[in-house]
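Got a sequence here, can you build the structure:
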Amino acid sequence: MNSNSAPPLPDELAKICTRMRLPYLRKAAPDVLATARAQRWDPAEVVRVLLQEEVVGRDAATRRMRRKNAKFPTGKTFSSWRPEESSIPEATQNALTTLEWVHRRENLAVSGASGTGKSHFVEALAHAAIEADLRVLWFTLETLTQTVNKAKADGSVARTVAKICACDLVVVDDIGMLPAGQDAAEAFYRIVDAAYERRSVAVTSNIHPAGFDTIMPKTLATATVDRLLHHAHVIVTKGDSHRLADALAGKGVHPLD
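Numbering: from 1, shown residues only. Now for the predicted structure:
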């Protein structure tokens, strides 16, 4: 189908599409109608194809919006993931990629040394979740703390936490890189507690969750980890930093001219 040769949509029909908010149907209609005439489609098939164009267009727009709202850090997906270089067992990678754990409202905790692919793997899973029509929000412990503290200022903590936990998957990345004070521990607890057995939470950390009481107040850490790990897949990555390995191999930068 070539939109350059297809006659434009009649003005009246174009106005109806605009009024009914059918932008993707309107865009596809000239080509679809031209093809339908040439191939003598059944009228029902024309309607089906046009409505399918609208559905596909809306789904793609929704995913774009959800991806933007998720606030991913880098945009890393499974297209750049190297499963054979990960210390995560292949069977575990495959099982998590199905996203059944999200549908079961289970959690994921990935800990290990810096540069061992924790954030990349979890971000790839989060992108896959959006492609599966799930809703995702991505935080670092710092940005989560800022969000909750801002809500404290205007008395909207409960509403903010409920909005965050309306998502299917909440990610808190890079826990343990810096000591976490009372505010950070409280913000983290609020989300894990609100999501408990209702939504999935995924965390990445350079220390095992069992050691969170070494970086945040012990009482809050204990209560948080208890809820986080009750229904959780716990993974420990091993090996040398992929980033360092790439740098030493000259893959970290483009050669200078």
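
Distance from the chain centre to stretch 157-171, please.
Chain-centre distance of stretch 157-171: 14 Å, with CA atoms, centre = their mean, to the nearest Å.

Between the two ends of it, how far is it?
Using CA to CA, to the nearest Å, the end-to-end distance of stretch 157-171 comes to 19 Å.

Flag every buried residue along the longest helix anywhere in the chain.
Longest helix in the chain, counting residues (DSSP state H): helix 43-70. Within helix 43-70, the residues that count as buried by 16 or more other CB atoms under 10 Å are 46, 49, 50, 53, 54, 57, 66, 67, 70. Using the backbone N, CA and C atoms, a C-beta is placed for each residue, glycine as well.

again with stretch 82-94
Result for stretch 82-94 [16+ other CB under 10 Å]: buried residues 86, 88, 93.

next one: stretch 153-162
Quick answer for stretch 153-162 (16+ other CB under 10 Å): 157, 160, 161.

Need the residues you listed in CSV (columns: distance to residue 36, secondary structure and pLDDT).
Formatted as CSV, these follow (distance: CB to CB, whole Å; DSSP: H, G, I helix; E, B strand; the rest coil; pLDDT from 0 to 100):
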residue, distance to residue 36, secondary structure, pLDDT
157, 55, helix, 94
160, 50, helix, 95
161, 51, helix, 95
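
and which of the residues you listed is nearest residue 204?
residue 161 (20.9 Å; CB to CB).

From residue 95, how far out is that closest one?
According to CB to CB, to the nearest Å, residue 161 and residue 95 sit 30 Å apart.

same deal with residue 33?
46 Å.

who's more crowded, those two?
Neighbour totals were compared for residue 33 and residue 95, and residue 33 leads with 20 against 13 (other CB atoms under 10 Å).

Which strands or helices does the helix or strand harbouring that one pack on?
If you go by DSSP states H and E, residue 33 is part of helix 23-39. The helices and strands touching helix 23-39, judged by 3 or more CB pairs under 8 Å, 6 or more residues apart in numbering; DSSP states H and E, are helix 11-19, helix 43-70.
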